[in-house]
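*Asks:* Predicted model and sequence follow; I will ask about them next.
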Amino acid sequence: MTEETGGAGVESNLSNSGQDYETAAPCNIVIFGATGDLTKRKLMPALMRMLHCGLIHRDSRILGVLRNRSEAEWHEMIRAGLHEYSPQLDMDEEKWREFLPHLKMVDGGLDDDTMYQRLADALETLGDKKNAMFYCAIPPEWYNRVAQGLFKAGLVSEEDGYRRLVIEKPFGSNLATASALNKELQAVFKENQIYRIDHYLGKESVQNLLVYRFANSIMEPLWNRNYIDHIQISVSETIGIEYRAKYYENSGALRDMIQSHLMQVMTLVAMEPPVEFTADAVRDEKMKVLRALRRFDPDQIAVHTVSAQYASGMVGGERVAAYVAEEDVSPDSSTETFAAMRFYIDNWRWQGVPFILWTGKRMKAKVSEVMIRFRKPPFNLFDSHASVPAANALVFRLQPEPGVVLRVNAKKPGLTTDNEEMVMRAMYASDTSEAADAYEILMHDVLTGDGTLFSRSDEIEESWSIVEPVLEAWKDRVFIERYRAGTWDVAAMDELTKDCVGGWHKPTLHE
Ligand SMILES: NC(=O)c1ccc[n+]([C@@H]2O[C@H](COP(=O)([O-])OP(=O)(O)OC[C@H]3O[C@@H](n4cnc5c(N)ncnc54)[C@H](OP(=O)(O)O)[C@@H]3O)[C@@H](O)[C@H]2O)c1
């Protein structure tokens, strides 16, 4: 499987399926940003569960880097985070007592060279190695400073154990900043020591795309331009921007969701079978998809994209404010809260098949899915009757209620040959534990040295290079289309999907 694994397989809560996972070798798990939102909401609950079910070796330690607080205050903060975000874990005293002795603190700011030295002194040889995972749960402007600090303190060399650097999203804000960050990190770490996290790829339902495609022989013959009309990949949310206004104003939906999560999902849907299921073999295939994406001339961008912003409206029975009325948002803001982009992959498999990626906040439903729309039946044998068979669709629901839905036509009971759509559902997991599970899966992969679900530097740069012209075209716009919060009222989507069988697929939880 992977390097640096040891210990017995354990039954994990990762999938509730009783599968065996490997316990990673003991590790110093270092968290920069140990007091931040990500740490409290995602990392600590995930680490606590991982320790409990044996995915983290019992000799491992969790070293939080923080400033201006005592270790006891930090512990209280973590506990309060559990209370707020993971109440079930908070109520589990046994798990907390088990977890607490593993939490150690290193004092200091990220710009303090002596902190890195203290960190070096604090790293322990666990088992026979001084393994370390450095998780950067910090604002992106600090990633390079941390890498340099670790280097100067002699914490990058792998002579006495592995050293792995985990970088959170966003990775750059355009091609230039992403390339610069890659160069800076690669000046001190080797590429295989860098884990660029995209928590979307940690979701069971996203990984299922690969298993569904490559563990079933019935899919491959259909998975191409001969049978597929188009593909829509979407993340539709009902929430607004919440507390992220400052970040979002500079980001917008295209950067926040399409350049990262949705393009990554597209590569999994479109890639060729890799020669083996290893990090580089999978990433080589994903990279080929990105390289085959058609580039649009600046005057074509408006034809292939949609941007819009939510106005006020009703969501879940409550009145919500327009984007421009949110705290910390400029009243003149033209930042998009809805973005869509139509891609074409210029290769033999996908020539002419549109891939429509779209995402929006304050939409009518919270659903994320991949919808494969097949071509219409070539000839309607039952044409003399009222119903025309609909084109088949295969829908991968990523969240909530992950699963697979197949829409096929079947005979209506009765004396005619009229048909109706039959919906075949295979739901395979509950959504409740999924968010934390993505971080469990990804951190376990880091600990076991498996980079398959992480983005390589070339993938990141290629995807930025594709969206960059769109960002440029949108940069100076003064007008942006508005849609009412809590609706699907983005009129331009009908135009974007007008040549697609079935048009814009507005997801519903009840199909
Ligand atoms: N929150 C999420 O759900 C989420 C999801 C995906 C990606 N991310 C990414 O994860 C990273 C962290 O996000 P977040 O939401 O956790 O941010 P946050 O709540 O603002 O936390 C930032 C953390 O960085 C620390 N920090 C900042 N400057 C520091 C300095 N000079 N010295 C020492 N510590 C410093 C803060 O410590 P102090 O408390 O001492 O200021 C705090 O612990 C960001 O890159 C974000 O984009 C977050």
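*Replies:* That came through fine.
*Asks:* burial of residue 257, as a residue count?
*Replies:* When neighbours are defined as other CB atoms under 10 Å, residue 257 has 23 of them. Yep, even glycine has a C-beta here, placed from its N, CA and C like the rest.
*Asks:* ditto for residue 298
*Replies:* Neighbour tally, residue 298, other CB under 10 Å: 10.
*Asks:* quick one, what contacts it?
*Replies:* Applying CB atoms under 8 Å, 6 or more residues apart in numbering to residue 298 gives the contacts 469, 472, 473.
*Asks:* Also residue 330?
*Replies:* Here residue 330 is in contact with 249, 324 (criterion: CB under 8 Å, 6+ apart).
*Asks:* Write out the residues of this structure neighbouring the ligand.
*Replies:* Counting by CB under 6 Å from any ligand atom, the residues of the chain lying close to the ligand are 33-38, 41, 66-67, 109-111, 137-140, 142, 168-170.
*Asks:* where does the chain have low pLDDT?
*Replies:* Scanning the chain for pLDDT under 70 picks out 1-21, 383-386, 429-436, 510-511.
*Asks:* Now do the domain split for it, please.
*Replies:* Following automatic domain parsing, the chain resolves into domains at 10-168, 202-496.
*Asks:* For the longest one, what is the distance to the chain centroid?
*Replies:* Going back to what we said before, that points to domain 202-496. Remark: domain 202-496 is offset 11 Å from the chain centroid, using CA atoms, centre = their mean, to the nearest Å.
*Asks:* And the residue of this structure closest to the ligand?
*Replies:* At 2.4 Å from the ligand, residue 36 is the closest residue in the chain, using CB to the nearest ligand atom.
*Asks:* how about the nearest residue to that residue, chain neighbours excluded?
*Replies:* residue 137 (5.4 Å; CB to CB, 6 or more residues apart in numbering).
*Asks:* same deal with residue 316?
*Replies:* Setting aside the residues directly before and after it, residue 316 is nearest to residue 238 in space (CB to CB, 6+ apart), at 6.6 Å.
*Asks:* quick one: the residue in the chain sticking out farthest from the centre and residue 422, what's the gap?
*Replies:* Computed with CA atoms, centre = their mean, the maximum C-alpha offset from the centroid of the chain is found at residue 415, amounting to 49.1 Å. Distance from residue 415 to residue 422, counting by CB to CB, to the nearest Å: 19 Å.
*Asks:* what's near enough to touch the residue minimising distance to the centre of the chain?
*Replies:* Nearest to the geometric centre of the chain sits residue 200, at 2.0 Å (CA atoms, centre = their mean). Counting by CB under 8 Å, 6+ apart, residue 200 touches 206, 260, 261, 264, 265, 438.
*Asks:* Tell me the secondary structure of the first one, please.
*Replies:* Judged by DSSP: H, G, I helix; E, B strand; the rest coil, the three-state class of residue 206 is helix.
*Asks:* and it, what does it touch?
*Replies:* Contacts of residue 206 (CB under 8 Å, 6+ apart): 200, 265, 268, 398.
*Asks:* likewise residue 314?
*Replies:* 320, 485, 486.
*Asks:* If we use 10 Å, what do you get?
*Replies:* Shown in contact with residue 314 (CB atoms under 10 Å, 6 or more residues apart in numbering): 320, 484, 485, 486, 487.
*Asks:* The last one against residue 320, yeah?
*Replies:* The reference is to residue 487. No. Residue 487 lies out of contact with residue 320 (CB atoms under 10 Å); the separation is 11.6 Å.
*Asks:* Compare these two (neighbour count), which wins?
*Replies:* residue 320 (20 against 16).
*Asks:* So the more buried one is in contact with residue 486, correct?
*Replies:* Yes. Counting by CB under 10 Å, residue 486 is a contact partner of residue 320 at 7.2 Å.
*Asks:* joint contacts of these two?
*Replies:* Shared contacts of residue 320 and residue 486 (CB under 10 Å, 6+ apart): 238, 310, 312, 313, 314, 362.
*Asks:* Could you identify the most distant pair in those?
*Replies:* 238 and 312 (14.3 Å; CB to CB).
*Asks:* any idea which helix or strand carries residue 340?
*Replies:* Assigned by DSSP states H and E, residue 340 belongs to strand 338-344.
*Asks:* Identify the neighbouring strands of that strand in the sheet and state each direction.
*Replies:* Counting by DSSP bridges, the strands paired with strand 338-344 are strand 305-315 (antiparallel), strand 354-360 (antiparallel).
*Asks:* next one: phi and psi at the closest residue to residue 275 other than its chain neighbours?
*Replies:* Sequence neighbours aside, residue 281 is the residue nearest to residue 275 in space, at 5.2 Å (criterion: CB to CB, 6+ apart). Phi and psi for residue 281, reported as degrees, to the nearest 10, are phi -60, psi -40.
*Asks:* Double-check residue 281 against residue 288; I have them as touching.
*Replies:* No. Using CB under 10 Å, residue 281 is not in contact with residue 288, being 11.4 Å away.
*Asks:* Could you tell me which residues make contact with residue 46?
*Replies:* Counted by CB under 10 Å, 6+ apart, residue 46 has contacts 55-56, 86, 202, 435-444.
*Asks:* try 8 Å this time
*Replies:* Contacts of residue 46 (CB under 8 Å, 6+ apart): 436, 437, 439, 440, 443.
*Asks:* Other residues contacting the biggest helix by length in the chain?
*Replies:* Longest helix of the chain, by residue count under DSSP state H: helix 457-475. For helix 457-475, the external contacting residues (CB under 8 Å, 6+ apart) are 171-172, 174-175, 178-179, 182, 186, 191, 194, 196, 252, 254-255, 258-260, 263-264, 267, 283, 286-287, 290-291, 293, 295-296, 298, 301-302, 305, 307, 336, 341, 343.
*Asks:* Who are the packing partners of the helix or strand following it?
*Replies:* Tracing the chain past helix 457-475, the next element assigned as helix or strand by DSSP H and E is strand 481-485. Judged by 3 or more CB pairs under 8 Å, 6 or more residues apart in numbering; DSSP states H and E, strand 481-485 is in contact with strand 305-315.
*Asks:* orientation of the strand it packs on relative to strand 481-485 in degrees?
*Replies:* Counting by axes from the mean of the first three to the mean of the last three CA atoms, to 10 degrees, strand 305-315 lies at 30 degrees to strand 481-485.
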